[in-house]
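Engineer: Sequence and computational prediction follow.
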Amino acid sequence: MRVLGFDFDVSLYRIMAIETEPMDAQKRYWRQRYDEAAAESAEDYQVGRWISRHYYAMVQVTIRQALVPWQGERLRILDVCCGSGALLETLRDLGFSPVGMDISVGAIGRLKETQSRSGFPAVVADAARLPFDACTFDGVVSVGMLQCIKDLNAYFQELARVLPDTRARLLVLFSPTSVLVRYRRLRRRRTDPDMAHYVLHSPRAVRNALRAAGFRQVDTRHHFYIFYAPLLRPLLRFLNLHPRLGRLLAPFATSTIVLATRSRLS
């Protein structure tokens with residue numbers, strides 16, 4: 001079966017054409033924004049406009065480190081808001097079976113046009129109404145998605161639905177309500193239209209919403225980057241690779257990673 005011009009195995013996935021689904025102004029804005037970025041062939045890290053190549057690379061290293069405990073099984077991992085598929089390659093290289101999902105038709109189109117990513121199963125859908133049966137995946141990664149979400153509880157409940165009742169894994173990376181993030185957002189608000197739609201959440205609010213969705217073990221890690229201080233990058237890389245050392249600097253984190261499971265993993 002071909003949906004939106006791409007091939008899918010419908011024995012595994014029920015495809016939802018989002019054109020028939022109502023979207024609020026927030027979703028419409030971000031869908032248009034990512035469609036525009038895909039049409040411009042923008043790099044993955046440029047979609048947010050305030051993300052640098054160095055920051056993007058450091059985040060990738062941190063994500064890889066966070067996913068290491070998941071290795072050993074060929075887990076089925078859903079990448080929510082996968083964009084043009086950079087993280088899908090990371091998941092594949094770590095030995096997982098990844099599936100991509102994004103609300104942007106343009107982003108999924110770029111993914112399918114990229115030779116190294118064209119083989120990944122990927123669907124166009126709304127994260128609030130995932131087109132998958134319950135317990136379809138072993139884990140979910142949600143990177144750079146929370147800035148588009150106002151209702152954390154509904155979002156995490158939907159992610160929990162496609163995960164098993166036990167041993168479910170969830171990785172969430174987002175921009176927190178930290179000093180540096182708020183400062184940079186205020187500086188760019190007048191010149192960057194994205195900032196008016198950018199939603200910031202506190203790590204505590206994210207942890208509470210995850211626990212309300214049934215995740216019992218919730219671990220928070222903080223990621224650091226100072227955009228205007230390149231000489232500090234070696235120190236920041238060291239902090240990012242040793243999360244315990246960075247806990248005291250949490251109010252200055254530029255990203256927060258939350259790892260959640262339904263039950264303790266053996």
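Structural biologist: Happy to help now that I have it. Numbering: from 1, shown residues only.
Engineer: going forward, measure contacts between C-alpha atoms and count neighbours the same way
Structural biologist: OK.
Engineer: how about low-confidence regions in the stretch 151-266 of the chain?
Structural biologist: Across the stretch 151-266 of the chain, the ranges flagged by pLDDT under 70 are 227-228, 264-266.
Engineer: quick one: the closest residue to residue 144 other than its chain neighbours and residue 225, what's the gap?
Structural biologist: Excluding the flanking residues, the one nearest residue 144 by C-alpha to C-alpha, 6 or more residues apart in numbering is residue 174, at 5.3 Å. According to C-alpha to C-alpha, to the nearest Å, residue 174 and residue 225 sit 14 Å apart.
Engineer: before we move on, back to that, got a list of what the residue nearest to residue 144 touches?
Structural biologist: Residue 174 makes contact with 143-147, 255-257 under the criterion C-alpha atoms under 8 Å, 6 or more residues apart in numbering.
Engineer: is it in a bridge, and if so with what?
Structural biologist: Counting by DSSP bridges, residue 174 is bridged to residue 256.
Engineer: same question, residue 122
Structural biologist: Residues in beta-bridge contact with residue 122 (DSSP bridges): residue 100.
Engineer: can you pull out the strands in this structure?
Structural biologist: Remark: strands assigned in the chain by DSSP state E are 2-3, 6-7, 76-80, 97-102, 122-124, 139-143, 169-174, 217-223, 255-261.
Engineer: Adding distance to residue 30, write these out as TSV.
Structural biologist: TSV is the format used below for the strands of the chain (distance: least, C-alpha to C-alpha, whole Å):
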stretch	distance to residue 30
strand 2-3	22
strand 6-7	22
strand 76-80	14
strand 97-102	11
strand 122-124	14
strand 139-143	15
strand 169-174	16
strand 217-223	24
strand 255-261	20
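Engineer: Please identify which of the ones you listed is closest to residue 163.
Structural biologist: Closest to residue 163 of these, according to C-alpha to C-alpha: strand 139-143, at 6.6 Å.
Engineer: would you put the C-alpha positions of that closest one in CSV?
Structural biologist: Extracted in CSV, the C-alpha atoms of strand 139-143 (Å, rounded to 0.1, in the frame of the first residue of the first chain):
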residue,chain,number,x,y,z
GLY,A,139,10.8,2.0,23.4
VAL,A,140,10.1,5.6,22.3
VAL,A,141,12.5,8.5,21.8
SER,A,142,11.1,12.0,21.8
VAL,A,143,13.9,14.5,20.9
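Engineer: for residue 195, what are its contacts?
Structural biologist: Counting by C-alpha under 8 Å, 6+ apart, residue 195 touches 185, 188-189.
Engineer: so how many other residues sit close to the nearest residue to residue 207 once chain neighbours are set aside?
Structural biologist: Leaving aside its chain neighbours, residue 207 sits nearest to residue 218 (6.7 Å; criterion: C-alpha to C-alpha, 6+ apart). As a burial measure, residue 218 scores 19 neighbours (other C-alpha atoms under 10 Å).
Engineer: Flag the shaky bits of the stretch 1-150 of the chain, pLDDT-wise.
Structural biologist: Applying pLDDT under 70 to the stretch 1-150 of the chain picks out residues 1-22, 41-52.
Engineer: Swap in 90 and give it another go.
Structural biologist: Within the stretch 1-150 of the chain, the stretches with pLDDT under 90 are 1-66, 68-74, 81-87, 89-90, 103-120, 123-126, 128-129, 131, 144-145, 147-150.
Engineer: Might you report the residue contacts of the residue lying closest to residue 223 once chain neighbours are set aside?
Structural biologist: Take residue 223 and drop its neighbours on the chain: the residue closest to it by C-alpha to C-alpha, 6+ apart is residue 255, 4.9 Å away. Counting by C-alpha under 8 Å, 6+ apart, residue 255 makes contact with 173-176, 222-224.
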